[in-house]
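Engineer: I'd like to go over a predicted model; first the sequence, then the structure.
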Amino acid sequence: MLAPDSADILNIGIDPDFKRQGYGRALLKHLIKELRKRNIREILLEVRTANKSAIQFYKKQGFKVISVRKNYYTKNLKNQSKREDGIIMGLKIPSTEIKNDL
């Protein structure tokens, strides 16, 4: 499916020694600024249901849950029968900068 006005986040990582210091928020804010310049209007991502800190972070940044992919991830490579859901989240990017948000 072609979606020229949306972008997918595949991975964002912050070194554990630097978590909860605003780097993730700053990185996401910069990404949104750059995507806005390219007329991207929506960001999509997927996160494992067990990754509660990521889910909380993205919700705090304005992402909304769009849907759930049941049994999408394998929890354990040695035991393929253990599965985990994936949560698809999205953020609408306004066409103009919003002060003090993202």
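Structural biologist: Received the coordinates, thanks.

Engineer: For the nearest residue to L28 once chain neighbours are set aside, what are phi and psi?
Structural biologist: The spatially closest residue to L28, leaving aside those adjacent along the chain, is Q61, at 5.8 Å (Cβ to Cβ, 6 or more residues apart in numbering). (Each C-beta comes from the backbone N, C-alpha and C, glycine too.) Here the main-chain torsion angles of Q61 (degrees, to the nearest 10) amount to phi -90, psi 0.

Engineer: And H30, how far from K60?
Structural biologist: 17 Å (Cβ to Cβ, to the nearest Å).

Engineer: contacts for stretch 17-24?
Structural biologist: The contact list for stretch 17-24 (Cβ atoms under 8 Å, 6 or more residues apart in numbering) reads 12, 14, 57.

Engineer: Please convert those to CSV, extending it with pLDDT and distance to E42.
Structural biologist: Formatted as CSV, the contacts of stretch 17-24 follow (pLDDT from 0 to 100; distance: Cβ to Cβ, whole Å):
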residue, pLDDT, distance to E42
I12, 86, 17
I14, 89, 23
F57, 94, 18
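
Engineer: What helix or strand is L27 located in?
Structural biologist: Secondary structure assigned from DSSP states H and E places L27 in helix 23-37.

Engineer: now the next helix or strand after that helix: mean pLDDT?
Structural biologist: Towards the C-terminus, the helix or strand next in line after helix 23-37, according to DSSP H and E, is strand 42-48. Per-residue pLDDT values across strand 42-48 average out to 95.

Engineer: quick one: buried residues of strand 42-48?
Structural biologist: 43, 45-47 (16 or more other Cβ atoms under 10 Å).

Engineer: go on, stretch 53-67?
Structural biologist: Residues 54-55, 57-58, 61-63 are the ones in stretch 53-67 that count as buried (16+ other Cβ under 10 Å).
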